[in-house]
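Undergrad: Provide a 3D model corresponding to the input given below.
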Amino acid sequence: MRQAWLGTVAANGILLLGGMTTGILAARLLGPEERGLLAAVLFWPSILAELGRLGIGEAILWRSARPDANRPTIVVSALVLAGFISVMMALIGAGLFPGLFRGERREVLGLATALAALWLPIVNLNAALEAADRAAHRFTRVNLLRIGPNGFYLVGILGLWATASVSVATMAWAVAGGTLVTFALRLATALNEFGAAPRWAEIRALARAGARFHAGSVAALVASQIDRIVLLLAFPDVAVGHYVVAWTFAASGLSAVTSAVSFVLIPYLTNEADRERARALLALALRRTALFLYFGVAASVLVTPWLLPLLFGKAFADAVPIAVLLLFTVVPLTLRQTIVRCLQGFGEARIAVTSEFVVTVAFVLASMGLLRILGLTLEALAMSTVVANLVGLAWSAIYLCSHHGIRLWHWLVPSPAAARDFFAAARKSISPN
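TA: Purely as a prediction, here's the structure:
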């Protein structure tokens, strides 16, 4: 598991570098207004893709953990289910997009609709194949292929820059092209999984298993994206561009390590028969994640005022205070998501729904007050996000204590012993031996 985690951290580091590079290039080449428009074009198709996953990835992990699991049948059946749902979501998107792309954004309505029609099936089929690899603990393949979309997108941006062909449309198709090429590579490596025919019984079982987690996934999607939903519905493209850059800067750096925790841990927790050992493993992962976040956020706050304008350009200097505020969202957001995702390894889906519902309600209440006091400002939006995620973390921590006996001071409150353990683990991770 340590080797898988290190490989995932390395892949996340490459993804971080590629993501920051593409984000910087997109911001500098397009400017705040067109960067905001590009965010709108990419945001709504990605939301539909998430809604259309139906928890299929989690269902594959759960079904594959059974002793009698027939993995080729599971994979092929999951692909059939994912493809059908993706087509349905693309049709729903075609009906919803005219209402979402109004006013000046109507010029990109056709682009967003076409992008969704192509992107949704590819993204969801790709996610199903990735889940199958994770279920088999093939993390080397998973991580190599995860790098693909960003890598090809970066090549596409550089090509557009070199040929003076940069626009919102060409950048959007560069994103889709990177995902398409990666899906083709993943499909080629998974051909040995297609030695079975899909079974209707397996499709139904996957749908039922996925539905257990899908409510939580939808709730998580709404809770994690509600600020951007409000942003795109209520703010002009220039403000959208500033906020997107602020979020990119605030969240990208630390996620390279923190997202690797749940990514690797879930398959192991699913297969761990000793629940006490699994709980101890989860507590250890949360403790180390929390300490990493404390150090990382403190360092990021210090460098943000000069590093953000240096990377993204002086046109985005107004995003600095927003990025600082959003950095304080990273700790509760990451810890809460780690708890919720890892508890899926215990087969628990309800906490995902309740936790994200609490975050959404807290955001609505906080934004109603802060937007009234501060006006329709990005600062009010960011502060509402901070408050909502603090409330959500508190709710998740109470659940973790009451249902699993993992008390708050076991992982959230730093101690000298926890710090020594953290640095010892860090030295062990980077040691060649």
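
Undergrad: scan this structure for its longest helix.
TA: Assignment by DSSP state H gives helix 2-51 as the longest helix of the chain.

Undergrad: next SSE downstream of it?
TA: Sequence order places helix 56-64 as the next helix or strand after helix 2-51, per DSSP states H and E.

Undergrad: now name the helix or strand holding the nearest residue to Pro149 once chain neighbours are set aside.
TA: Excluding the flanking residues, the one nearest Pro149 by Cβ to Cβ, 6 or more residues apart in numbering is Gly178, at 4.2 Å. Every residue, glycine included, has its C-beta placed from N, CA and C. Secondary-structure assignment from DSSP H and E places Gly178 in helix 168-189.

Undergrad: which strands and helices sit next to the following helix or strand past that helix?
TA: Heading C-terminal from helix 168-189, the first helix or strand you meet, by DSSP H and E, is helix 200-234. Where contact means 3 or more Cβ pairs under 8 Å, 6 or more residues apart in numbering; DSSP states H and E, helix 200-234 is packed against helix 2-51, helix 56-64, helix 71-100, helix 237-271, helix 320-343, helix 350-374, helix 378-404.

Undergrad: got any ranges where the stretch 1-150 of the chain has weak pLDDT?
TA: For the stretch 1-150 of the chain, the stretches with pLDDT under 70 are 1-9, 11-12.

Undergrad: identify the residues contacting Ser165.
TA: Taking Cβ atoms under 8 Å, 6 or more residues apart in numbering as the criterion, Ser165 is in contact with Gly159.

Undergrad: can you classify it by secondary structure?
TA: Per DSSP: H, G, I helix; E, B strand; the rest coil, the secondary structure class of Ser165 is coil.

Undergrad: sorry, back to before: can I assume the residue nearest to Pro149 is in contact with Ile157?
TA: No: applying Cβ atoms under 8 Å as the test, Gly178 and Ile157 come out as separate, 9.7 Å apart.

Undergrad: what is the rounded mean pLDDT of the helix holding Gly178?
TA: Average pLDDT, helix 168-189: 85.

Undergrad: relative orientation of that helix and helix 2-51 in degrees?
TA: 130 degrees (axes from the mean of the first three to the mean of the last three Cα atoms, to 10 degrees).

Undergrad: would you mark the buried spots in helix 168-189?
TA: Under the neighbour-count criterion of 16 or more other Cβ atoms under 10 Å, helix 168-189 has 168-169, 171-183, 186-187 buried.

Undergrad: got the contact list for that helix?
TA: Outside helix 168-189, the residues that touch it by Cβ under 8 Å, 6+ apart are 26, 29-30, 34, 37-38, 41-42, 108, 111, 115, 118-119, 122-123, 125-126, 129-130, 141, 145, 148-153, 155-157, 160.

Undergrad: what's the answer for stretch 363-379, then?
TA: 223, 226-227, 230, 234-235, 239, 242-243, 246, 321-322, 325, 380-381, 383-385, 387-388.

Undergrad: any of these buried? List them.
TA: Listed as buried from these are 223, 226-227, 230, 235, 239, 242-243, 246, 322, 325, 380-381, 383-385, 387-388; burial here means 16+ other Cβ under 10 Å.

Undergrad: list the buried residues for stretch 234-253?
TA: 235, 237-253.

Undergrad: leaving out sequence neighbours, find the closest residue to Asp133.
TA: Using Cβ to Cβ, 6+ apart, the closest residue to Asp133 is Val142 (4.7 Å).
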